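Enquirer: Sequence first, predicted coordinates after that:
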Amino acid sequence: MKIGVLTGGGDAPGLNAAIRAVVVKATNCGDEVLAIKDGWAGLLEGRLEPLSLNLVEDIEMEGGTILGTSRTNPYKEEKGEEKVLDNFKKVGLSALVAIGGEDTLGVANKLSKKGLKVVSIPKTIDNDLSETDYCIGFHTAVSRAAEAIEGLHTTARSHHRVLVVEVMGRHAGWITLEAGLAGGAHIILIPEVEFDIEEIAEVLKKREDNGKLYSIVAAAEGAKPKEGKELLTQTEEKDAFGHVRLGGIARVLAKEIEKRTGKETRATVLGHIQRAGAPNSFDRVLGTRYGVAAVQLVKEGKFGQMVSLKGTSILSVPLEKAVGRLRTVDRELYDLAKLFQAH
Ligand code: F6P
């Protein structure tokens, strides 16, 4: 069998562990693996090359993806679907392992309905794919963000300032909530729950009255004020999947907080640091388990499925279900985090 593997969308720590596992498991079964370069772009343009055990040795410890990635959407390219299906045949692939988030797997699902033999692995630091407890990259991103939020306490405390930390998360506040909880943020703002700037200012003033002269606010890039204003963006330009580039919430909040509380306030944007660098042990193990399970699905001919983690077990679910809706933060977890916020 010839199995192609691609990674699409934003990079995430743990991708290389999954790629290595696909190669190790497939080789073990006597199959060949081809690297598809830069996500769907590689299949559109016929850019593939063989992967060997030597090429994947020790890569589970490295961040990023050795395959390269892109946000290319074949459905936005002329005859994109046709080209992908043709190239798949031309190269003689028997199956494809597509590793990605809602966009990449959305394309995989459409192609699966056209007969492409594809299985998928969930990856996104945002952790917003449904039908799985965890996506590759999330745990590492939470650790990075939590470490940063924790570290910022010393600066905020020394300067008696409010620091607003901008955390990644377009539609879901998983990273902000968990990193905020673990890193001791005093206020946590997520896309799922609209915030009231007056309320935030009141809480911060009350903290000051109680002798707490500094505060940390963790805000997801996709958090929105109650007045229902537009999301803050870096540019209005949309990518091939129709997403604008978010950014700016920390700067705007800092200004508004300073105006209302009179406290010196600064903004810190964590940005790509959250998904850069080596994966933590959890993502190395998760990527490895997902990679092996994906090849197992291929061997069993169970196409149109996504591997998933439920509790401690690796299962598989129909791709259609996995991309059908986004998994946002449970209200229960948000309320729990609220218990530990400023009072
Ligand atoms: O992949 C998810 C993500 O990291 C989001 O949290 C963020 O909004 C987006 O990607 C950033 O995308 P890019 O790296 O293309 O700027």
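Expert: Done, it's in. Numbering: from 1, shown residues only.

Enquirer: who in this protein is up against the ligand?
Expert: Of all the residues in the chain, those in contact range of the ligand (C-beta under 6 Å from any ligand atom) are 9-10, 124-126, 168-170, 221, 245-246, 275. The C-beta positions use only the backbone N, C-alpha and C, and glycine is treated the same way.

Enquirer: ok, which stretches of this protein are helices?
Expert: Counting by DSSP state H, the segments of the chain that form helices are 15-28, 40-44, 53-56, 80-90, 102-113, 138-159, 174-183, 197-209, 249-261, 281-299, 319-322, 331-339.

Enquirer: can you put those helices in TSV and add mean pLDDT and mean neighbour count?
Expert: What follows is these, written out as TSV (pLDDT from 0 to 100; neighbours: other C-beta atoms under 10 Å):
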stretch	mean pLDDT	mean neighbour count
helix 15-28	98	24
helix 40-44	98	26
helix 53-56	98	14
helix 80-90	98	16
helix 102-113	98	22
helix 138-159	98	20
helix 174-183	97	26
helix 197-209	96	16
helix 249-261	96	19
helix 281-299	98	22
helix 319-322	97	20
helix 331-339	93	13
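
Enquirer: Switch the ones you listed over to CSV; also include distance to residue 190.
Expert: As requested, the helices of the chain are exported to CSV (distance: least, C-beta to C-beta, whole Å):
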stretch, distance to residue 190
helix 15-28, 25
helix 40-44, 30
helix 53-56, 37
helix 80-90, 34
helix 102-113, 18
helix 138-159, 13
helix 174-183, 5
helix 197-209, 13
helix 249-261, 11
helix 281-299, 22
helix 319-322, 22
helix 331-339, 7
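
Enquirer: these two touch, right, residue 20 and residue 288?
Expert: Yes - here residue 20 lies in contact with residue 288, judged by C-beta atoms under 8 Å, at a distance of 7.3 Å.

Enquirer: Give the residues shared as contacts by those two.
Expert: Common neighbours of residue 20 and residue 288, counting by C-beta atoms under 8 Å, 6 or more residues apart in numbering, are residue 60.

Enquirer: Give me the buried stretch members for stretch 65-85, please.
Expert: 65-74, 77, 80-81, 83-85 (16 or more other C-beta atoms under 10 Å).

Enquirer: what's residue 146 in contact with, if anything?
Expert: Contacts for residue 146 were tallied using C-beta under 8 Å, 6+ apart; they are 178-179, 182-183.

Enquirer: actually residue 307, not the one I typed
Expert: The contact partners of residue 307, taken as C-beta under 8 Å, 6+ apart, are 119-122, 290, 293-294, 297, 314-316.

Enquirer: what do you get if the cut-off is 10 Å, keeping everything else the same?
Expert: Contacts of residue 307 were listed using C-beta atoms under 10 Å, 6 or more residues apart in numbering, and they are 18, 97, 99, 119-122, 132, 289-297, 314-317, 322.

Enquirer: swap in residue 26?
Expert: Counting by C-beta under 10 Å, 6+ apart, the residues that residue 26 touches are 1-3, 5, 32-33, 51, 95, 97, 291-292, 294-295, 298-299.

Enquirer: Please apply the same query to residue 101.
Expert: With C-beta under 10 Å, 6+ apart, residue 101 has these contacts: 8-10, 12, 122-129, 135-137, 241, 323, 326.

Enquirer: Are any of the residues you listed buried, and if so which?
Expert: Buried positions within the contacts of residue 101, assessed by neighbour count (16+ other C-beta under 10 Å), are 8-10, 12, 122-129, 135-137, 241, 323.

Enquirer: and the residue of the stretch 151-300 of the chain found nearest the ligand, what are its phi and psi?
Expert: Sorted by distance to the ligand under C-beta to the nearest ligand atom, the residues of the stretch 151-300 of the chain start with residue 168, at 3.4 Å. Summarising the backbone geometry of residue 168 under the convention degrees, to the nearest 10, its torsions are phi -70, psi 160.

Enquirer: what's around the residue nearest to it when sequence neighbours are not counted, how many residues?
Expert: Counting by C-beta to C-beta, 6 or more residues apart in numbering, residue 168 lies nearest to residue 274, which is 5.2 Å off, once chain neighbours are set aside. Applying the criterion other C-beta atoms under 10 Å, we find 23 residues in the vicinity of residue 274.

Enquirer: Would you mind measuring from residue 274 to residue 59?
Expert: Spatial separation of residue 274 from residue 59 under the definition C-beta to C-beta, to the nearest Å is 21 Å.

Enquirer: got it, and residue 98?
Expert: When distances are taken as C-beta to C-beta, residue 98 and residue 59 turn out to be 19 Å apart.

Enquirer: more crowded one of these two?
Expert: Under the criterion of other C-beta under 10 Å, the comparison of residue 98 against residue 59 puts residue 98 first, with 29 against 17.

Enquirer: Setting aside sequence neighbours, what's the nearest residue to the more buried one?
Expert: Residue 98's closest residue in space is residue 108 (C-beta to C-beta, 6+ apart), at 4.2 Å.

Enquirer: Could you do residue 106 as well?
Expert: Closest to residue 106 by C-beta to C-beta, 6+ apart is residue 323, at 4.9 Å.

Enquirer: Can you name the residues that contact the one you found?
Expert: Each residue near residue 323 by C-beta under 10 Å, 6+ apart is listed here: 101-110, 120, 122, 129-131, 306.

Enquirer: Tell me the one among those nearest to the ligand.
Expert: When those are compared for distance to the ligand, the smallest value, 6.0 Å, is given by residue 101; criterion: C-beta to the nearest ligand atom.
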